[in-house]
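*Asks:* Give me a 3D structure for the following:
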Amino acid sequence: MFGMNEDGRRGEESRGNVTGILPTPPAHLPQSKRITAIKTTPHSSAFFSSSLHSFPLQTKSRNYVSLKESSFPGNPISTKRQHLSVVSGSKSDNGFQQPCFQGAESFLRSVLASMETVYLNRNPTAKAILELVQSVDSDHICYDHLAFRTFGVNGYGIDSIAKFFLDFGYTQREELRFPAKKLKALWFSPPSIDLPGGGSRVNGPLPRVFISELLVDQMSTQTQEIIRKYTELSGSGNKHAALASSLGSLTWGKPLYSEFQQLARESEYAAWTLVNGYALNHVTISTHRLNSHLRNIKSLNQFIEDNGFKLNSEGGVLKVSPDGLLQQSSTVADSVSFQFSDGITESVPCSYIEFAERLVLPQYKNIPEREVKEFHRRDGFEVGNADKIFESTSKEQLTRRAA
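*Replies:* Numbers count the residues shown, from 1 in each chain. Below is the predicted model:
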């Protein structure tokens, strides 16, 4: 999606006043055919353009884009009048240098909107809570992160869905391990996008992405056989994980009820993934970005419970990181009716909604509140918190919800 060096790394990004660096044209070309670099202003995302017919592309190099094979979203590249666009980078709100990608942003947000639509249609609790919060906080809801679950086998693990986000400027960050659940996870930070007019939900600040996978090789032989069976039947479905999520479709066939039961006995995570696939596992409201009194997560939790919704009680309703700076809570997952391939219809867990408040880091505690940015706050995730949030889809929590 972005320019790559020969060793596979992204090209150097610019900071402040920079000059766009374009490939040096061959010396034999006349001056009129050469491309001139254009200076940008600080933190700009200006495009550099020049007519390609005056400068031959070497499509064998990773620094060049094949006009025949390009998969860059947006307007198709015309082979009649061709233009090369080079984009400068700017420093993101979280302090990291990120590439700008204005041409791809609308497509990315459209995909996220489709994922969100599937999620809200299947999970009435999440939809109702978003509407409740919006009734108090107008249209100023930002997502802290989106989460997905995967099977770590046959190419259906974290990488299968992560590739989509990496292609659109996301950056891989830390890995988290959950030995008791036989899971691992990676989270990804978003690219910097300037939103002078604000925006809400998928049209607001781009969220972090949290992707976990079941370590299938550590499961029992019987469970492994079931998971391998369906991922193999899926063929190349793992290459279209984002599409499956945005359509709300499984990339494999519906399982037998007995197979679902087998997975549920050993890993509720595995059973959930078998019937939900790449669907959004949850979205997370960034409470500190709200404008009302609900920006305090304890007030938000009370508000939600007062309106009749059950919160995940595993380890206490409020999950707090050891440093006290990351506070999280979540609802109990909704259940949906699912017809298995043998004709049996049973209720299975679907998704839930989470809430996160990230407090200001100690070194920034003296900054006036109105000047605090997201990078001044606690970033990342916490194993202890996430381990308990996973329980939002557990049988114990679902049973408690039904009580």
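*Asks:* can you map out the strands along the chain?
*Replies:* Per DSSP state E, the chain has strands spanning 47-51, 83-87, 89-91, 97-99, 143-151, 171-178, 183-189, 208-214, 282-286, 319-320, 326-330, 335-339, 345-349, 352-358. These are given in chain order.
*Asks:* who are the neighbours in contact with Val111?
*Replies:* Under the criterion of C-beta atoms under 8 Å, 6 or more residues apart in numbering, the contact partners of Val111 comprise 164, 242, 246. C-beta here means a position set from N, CA and C on the backbone, and glycine is covered the same way.
*Asks:* re the thing from before, tell me, which of the strands of the chain is the model least confident about?
*Replies:* For the strands of the chain, mean pLDDT drops lowest on strand 83-87, to a mean of 29.
*Asks:* related to what we said a few turns ago, dump the contacts of Val111 to TSV, plus neighbour count and pLDDT.
*Replies:* TSV is the format used below for the contacts of Val111 (neighbours: other C-beta atoms under 10 Å; pLDDT from 0 to 100):
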residue	neighbour count	pLDDT
Phe164	19	98
Ala242	23	97
Ser246	22	97
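*Asks:* sorry, back to before: can you tell which of the strands of the chain is closest to Gln261?
*Replies:* Each of the strands of the chain was checked against Gln261 via C-beta to C-beta, and the shortest separation belongs to strand 345-349, namely 9.1 Å.
*Asks:* List the contacts of the closest one.
*Replies:* Outside of strand 345-349, the residues within contact range by C-beta under 8 Å, 6+ apart are 257, 260, 268, 271-272, 275-276, 333-340, 393-394, 398.
*Asks:* List the buried residues of that strand.
*Replies:* Residues of strand 345-349 classed as buried: 348-349 (neighbour count, 16 or more other C-beta atoms under 10 Å).
*Asks:* Restrict the contacts of strand 345-349 to the buried ones and give me that as a ChimeraX selection.
*Replies:* Filtering the contacts of strand 345-349 down to the buried ones (16+ other C-beta under 10 Å) takes a single ChimeraX command:
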select :257,260,268,271,272,275,276,333,334,335,338,340,393,394,398
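*Asks:* Restricted to helices, list the contacts of strand 345-349.
*Replies:* 257, 260, 268, 271-272, 275-276, 398 (DSSP state H).
*Asks:* closest to Phe148 among the residues you listed?
*Replies:* Distance to Phe148 across these (C-beta to C-beta) is lowest for Asn276, with 9.8 Å.
*Asks:* Could you tell me which residues within stretch 316-328 count as buried?
*Replies:* Of the residues in stretch 316-328, those with enough neighbours to count as buried (16+ other C-beta under 10 Å) are 317, 319-321, 325-328.
*Asks:* now do stretch 297-308
*Replies:* The neighbour-count check on stretch 297-308 (16+ other C-beta under 10 Å) flags 297, 300-301, 303-304 as buried.
*Asks:* Could you do stretch 209-222 as well?
*Replies:* When burial is assessed from 16+ other C-beta under 10 Å, stretch 209-222 yields the following buried residues: 209-216, 219.
*Asks:* May I see those residues arranged in JSON lines, with distance to Leu195 as well?
*Replies:* What follows is these, written out as JSON lines (distance: C-beta to C-beta, whole Å):
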{"residue": "Val209", "distance to Leu195": "18"}
{"residue": "Phe210", "distance to Leu195": "22"}
{"residue": "Ile211", "distance to Leu195": "24"}
{"residue": "Ser212", "distance to Leu195": "28"}
{"residue": "Glu213", "distance to Leu195": "31"}
{"residue": "Leu214", "distance to Leu195": "36"}
{"residue": "Leu215", "distance to Leu195": "38"}
{"residue": "Val216", "distance to Leu195": "39"}
{"residue": "Met219", "distance to Leu195": "43"}
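*Asks:* Closest one of those residues to Leu359?
*Replies:* Closest approach between the buried residues of stretch 209-222 and Leu359, by C-beta to C-beta: Phe210, at 19.0 Å.
*Asks:* tell me the contacts of the closest one?
*Replies:* With contacts taken as C-beta under 8 Å, 6+ apart, Phe210 has the following neighbours: 145-148, 185-188, 381, 386.
*Asks:* need the helices for the stretch 151-300 of the chain, in chain order.
*Replies:* In the stretch 151-300 of the chain, the segments counted as helices under DSSP state H, counting those that start in this stretch are 158-167, 221-233, 241-247, 257-266, 268-276, 297-306.
*Asks:* And those helices: which comes nearest Ala113?
*Replies:* Put simply, out of those the one that sits nearest Ala113 is helix 241-247, at 8.5 Å, with distance taken as C-beta to C-beta.
*Asks:* Can you list the buried residues in the closest one?
*Replies:* Neighbour-count burial for helix 241-247, counted by 16+ other C-beta under 10 Å, picks out 241-242, 244-246.
*Asks:* Check the buried residues of stretch 316-328 and tell me the two furthest apart.
*Replies:* For those, the farthest-apart pair by C-beta to C-beta is Val317 and Leu325; their separation is 18.1 Å.
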